[in-house]
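**Q** Following is a predicted model, sequence given first.
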Amino acid sequence: SEYNRPLIHYTPEYGWLNDPNGLFFDKKEKLWHIYFQYNPNGSVWGLPLYWGHATSKDLVNWKHHDLAISPEKDDEGIFSGSIVIDHINTSGFFDDSIDPDQRVVAIYTNHDSNEKQTQEIAYSLDAGYTFTKYKANPVIDLNLTQFRDPKVFWHKQSNQWIMIVVKSQDFKIQIYGSTNLKDWKFHSNFSSGFYGFQYECPGLFEVPIENSTKSKWVMVLAINPGSPIGGSFNQYFIGDFDGYNFAPDDTQSRIMDIGKDFYAFQNFSDVEEGAIGLAWASNWQYGNLVPTTERRSSMSLARRYTLKEININPETKILSLIQRPIIPDSITAVNSIVKTSFHPTINNILSLVAQDSTGLFDFKLRFKIKEKRFSNQEKITFDILVQSQVQDNEIDTVKVGFDAVISSYYFNRAIKNKNFENEFFTDKLSTYMEPLSYDDNNLPVFELYGIVDRNIIELYFNDGAVAMTNTFFMNEGRYPHSIKLVVNNEDSKFEFEQVSLRHLT
Ligand code: FRU
């Protein structure tokens, strides 16, 4: 019922949420577990900090649970970390009464009263609801204040547990190995890409290459602050991993999501197939200040990850991370406009206005541009307008646009008389895009998918080749009630092969 609480993006019932932690899939119960950085005592970040907990059958309907892991003292925090399933009981924490798929071990950073950060472990004998801390914690103590965010996984090829963790302000991702989750041996350091102020929340996961039986390793790294678009962001590197060193294919640093609200990404442990993950949908530049009361922040949608060669200009292809949101069958259309051919010269606005809006919409466009070159003076554009209900003749609008002349998309979240003024809450974000493909007449083809959930919009360009996630804040009481495709030029140079605008529930 709250106008600014997303419906299918996880939000805490009350309090403050940041990074996703301990993501795993319980294969026995077929249940997704997420934990998160949680302050249950207020809606800003603060100590004591806990691991909150939620579960879902479909990754969009979430159930809140009690606190999962708590600090020993009020001026301490259980900082970010991960969960593994210790199927063969390498740790010795489990006996035969615990199903191998539910041998849950959490690895996290304990942030103590003196701000010392050490890596600790805790195990669960009830499939992830309550945890017992290991008696001999910490498992790694370097006597440092900037050493955190362990992500652990089982590396089949070298038959050992691997921990990826950061020495934040030394700009080092460290790789450790272990056979029992308790004793850890240092293997190597990795540094690359943008440095910013500090490294946070690293990760390393195997991602399948589309249309092949091969995969590559993707190292992810969160930087805060220091994003080229401001504040916090996630980078990634593609390469090989032998259990000891990560060898990147090139020196490229790539941005995972070019919006402002996608941070501290983590992938799920123990998924049945492929790679799935999600992120905190906010930015440290303004996360504590956004105009929601009682609770702040949401997660992104869960996304499926693959790798694919994409064109970055007409001559050059590079292997890239592809992201597609997981929208389960439980999400259905209340009403929709679906067209398999749309020539905007005849009718240049398509408008879907929801009666009793849920605030949840999605849209998909596949279109061609009928000419290959334009002069810089031409204006060949269309917009998707996401608008609130008409109230006293005032409408709040956020806009996704495409400009064919410069082959670029933009998103604009500037809202008139807005109730959130913050200079770092960037209004406009944009990205250059190559065509997804060319048709038989060599005309460029593009695709766009977007999902709007009350106060967050996730955009996926060219079938997930580029993703852009942004929150927005309409005025008190308002949330999206309509979605419109508006083609701005009379003699349209666009030809739509697919248009779908849907009001969802
Ligand atoms: C990243 C981060 C982590 C840390 C946690 C504390 O957003 O700063 O490095 O573990 O948040 O809440």
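**A** Ah, there it is.
**Q** where do the strands sit along the stretch 1-150 of the chain?
**A** For the stretch 1-150 of the chain, the strands defined by DSSP state E, counting those that start in this stretch occupy 15-26, 31-39, 50-56, 62-69, 77-85, 104-111, 117-124, 132-133, 140-144, 147-155.
**Q** list the helices and strands whichever helix or strand residue 501 is part of packs on?
**A** Assessed by DSSP states H and E, residue 501 sits inside strand 494-504. Judged by 3 or more Cβ pairs under 8 Å, 6 or more residues apart in numbering; DSSP states H and E, strand 494-504 is in contact with strand 333-339, strand 349-353, strand 360-369, strand 480-487. All C-beta atoms are positioned from the backbone trio N, CA, C, and that covers glycine.
**Q** distance of the residue nearest to residue 474 when sequence neighbours are not counted from residue 337?
**A** Leaving aside its chain neighbours, residue 474 sits nearest to residue 396 (4.1 Å; criterion: Cβ to Cβ, 6 or more residues apart in numbering). Distance of residue 396 to residue 337, computed by Cβ to Cβ, to the nearest Å: 22 Å.
**Q** if you count what's nearby, which of these two comes out ahead?
**A** residue 396 (22 against 17; other Cβ atoms under 10 Å).
**Q** For that one, give me its contacts.
**A** Going by Cβ atoms under 8 Å, 6 or more residues apart in numbering, residue 396 touches 387, 388, 415, 416, 474, 475, 478.
**Q** With residue 450 instead?
**A** Counting by Cβ under 8 Å, 6+ apart, residue 450 has contacts 362, 363, 364, 384, 400, 457, 458, 459, 460.
**Q** For the third one, grab the count of nearby residues.
**A** A count of neighbours around residue 364, defined by other Cβ under 10 Å, yields 16.
**Q** On the strand side of things, show who residue 188 bridges to.
**A** residue 175 (DSSP bridges).
**Q** can you pull the pLDDT of it?
**A** You'll see residue 188 listed with a pLDDT of 98.
**Q** cool, and the one 3 residues further on?
**A** According to the per-residue confidence, residue 191 scores 97 in pLDDT.
**Q** Does it touch residue 175 like I think?
**A** No: the pair residue 191 / residue 175 is not scored as a contact, 11.8 Å apart, by Cβ atoms under 8 Å.
**Q** In space, what's closest to the residue of the stretch 201-350 of the chain found nearest the ligand - neighbours in sequence excluded?
**A** Proximity to the ligand, evaluated over the stretch 201-350 of the chain using Cβ to the nearest ligand atom, is greatest for residue 264 at 4.8 Å. In this structure, residue 264 finds its nearest non-sequential neighbour in residue 19, 3.8 Å apart by Cβ to Cβ, 6+ apart.
**Q** for the ligand, what are the nearby residues on the chain?
**A** 18, 19, 37, 49, 79, 80, 109, 148, 149, 200, 201, 264 (Cβ under 6 Å from any ligand atom).
**Q** Just the closest of those residues to residue 92, please.
**A** Nearest to residue 92 among these: residue 109, at 22.9 Å, using Cβ to Cβ.
**Q** show me the contacts for residue 162.
**A** Contacts of residue 162 by Cβ under 8 Å, 6+ apart are 152, 153, 154, 155, 175, 176, 177, 204, 243.
**Q** try 7 Å
**A** 152, 153, 155, 175, 177, 243 (Cβ atoms under 7 Å, 6 or more residues apart in numbering).
**Q** sec struct for it, please.
**A** strand (DSSP: H, G, I helix; E, B strand; the rest coil).
**Q** burial of the nearest residue to it once chain neighbours are set aside, as a residue count?
**A** The shortest distance from residue 162 to any non-neighbouring residue, by Cβ to Cβ, 6+ apart, is to residue 155 (4.8 Å). Neighbour count for residue 155, taken as other Cβ under 10 Å: 17.
**Q** Distance of residue 155 relative to residue 269?
**A** Distance from residue 155 to residue 269, by Cβ to Cβ: 13 Å.
**Q** Residue 428 now?
**A** 37 Å.
**Q** So for these two, which sits in the more crowded spot?
**A** Under the criterion of other Cβ under 10 Å, the comparison of residue 428 against residue 269 puts residue 269 first, with 21 against 11.
**Q** quick one: the residue in the stretch 301-450 of the chain positioned nearest to the ligand from residue 287, how far?
**A** Per Cβ to the nearest ligand atom, residue 424 is where the stretch 301-450 of the chain lies closest to the ligand, at 15.9 Å. Using Cβ to Cβ, residue 424 is found at 10 Å from residue 287.
**Q** ditto for residue 23
**A** 20 Å.
**Q** Compute the number of surrounding residues for residue 63.
**A** For residue 63, using other Cβ under 10 Å, the count is 10.
**Q** and if you look at residue 94?
**A** Neighbour tally, residue 94, other Cβ under 10 Å: 21.
**Q** Contact partners for it?
**A** 86, 103.
**Q** now with 8 Å?
**A** 86, 103, 123, 125.
**Q** likewise residue 169?
**A** Residue 169 neighbours (Cβ under 8 Å, 6+ apart): 146, 197, 198, 199.
**Q** can you pick the most crowded of those residues?
**A** The residue in those with the most neighbours, by other Cβ under 10 Å, is residue 199 (29 neighbours).
**Q** That one: what's its closest spatial neighbour, skipping adjacent residues?
**A** residue 166 (4.2 Å).
**Q** before we move on, what about residue 144?
**A** Residue 144's closest residue in space is residue 117 (Cβ to Cβ, 6+ apart), at 6.2 Å.
**Q** Against residue 460, how distant is the one you found?
**A** Using Cβ to Cβ, one obtains 36 Å as the distance from residue 117 to residue 460.
**Q** thinking again about what came up before, and the buried ones among the residues of the chain next to the ligand, selectable in ChimeraX?
**A** The buried subset of those, as determined by 16 or more other Cβ atoms under 10 Å, is captured in ChimeraX by this line:
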select :18,19,37,49,79,80,109,148,149,200,201,264
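**Q** could you dump the residues of the chain next to the ligand to CSV with pLDDT and distance to residue 231?
**A** Converted to CSV, those look like this (pLDDT from 0 to 100; distance: Cβ to Cβ, whole Å):
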residue, pLDDT, distance to residue 231
18, 98, 13
19, 98, 14
37, 98, 17
49, 98, 20
79, 98, 19
80, 99, 17
109, 99, 22
148, 98, 19
149, 98, 18
200, 98, 12
201, 98, 14
264, 98, 12
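**Q** what number of residues lie near residue 312?
**A** Count around residue 312 with other Cβ under 10 Å applied: 13.
**Q** Show the model's pLDDT score for it.
**A** At residue 312, pLDDT is 90.
**Q** what sits against it?
**A** 318, 434.
**Q** Recalculate using a threshold of 10 Å.
**A** Residues near residue 312 by Cβ atoms under 10 Å, 6 or more residues apart in numbering: 318, 320, 432, 433, 434, 465.
**Q** Identify those among these that sit within helices.
**A** Within the contacts of residue 312, no residue falls in helices by DSSP state H.
**Q** Which of the residues you listed sits closest to residue 184?
**A** When these are compared for distance to residue 184 (Cβ to Cβ), residue 320 wins out at 32.8 Å.
**Q** and the closest one, how many neighbours?
**A** Residue 320: 21 neighbours (other Cβ under 10 Å).
**Q** That one and residue 440, how far apart?
**A** Relative to residue 440, and taking Cβ to Cβ, residue 320 is found at 25 Å.
**Q** quick revisit: out of the contacts of residue 312, which is nearest to residue 60?
**A** Nearest to residue 60 among those, with distances taken as Cβ to Cβ, is residue 465, at 23.5 Å.
**Q** isn't that closest one right up against residue 317?
**A** No: the pair residue 465 and residue 317 does not pass the contact test of Cβ atoms under 10 Å, sitting 11.2 Å apart.
**Q** Name the residues of whatever helix or strand residue 457 lives in that are buried.
**A** Assessed by DSSP H and E, residue 457 sits inside strand 456-461. For strand 456-461, the buried set under the neighbour-count rule, 16+ other Cβ under 10 Å, comprises 456, 457, 458, 459, 460, 461.
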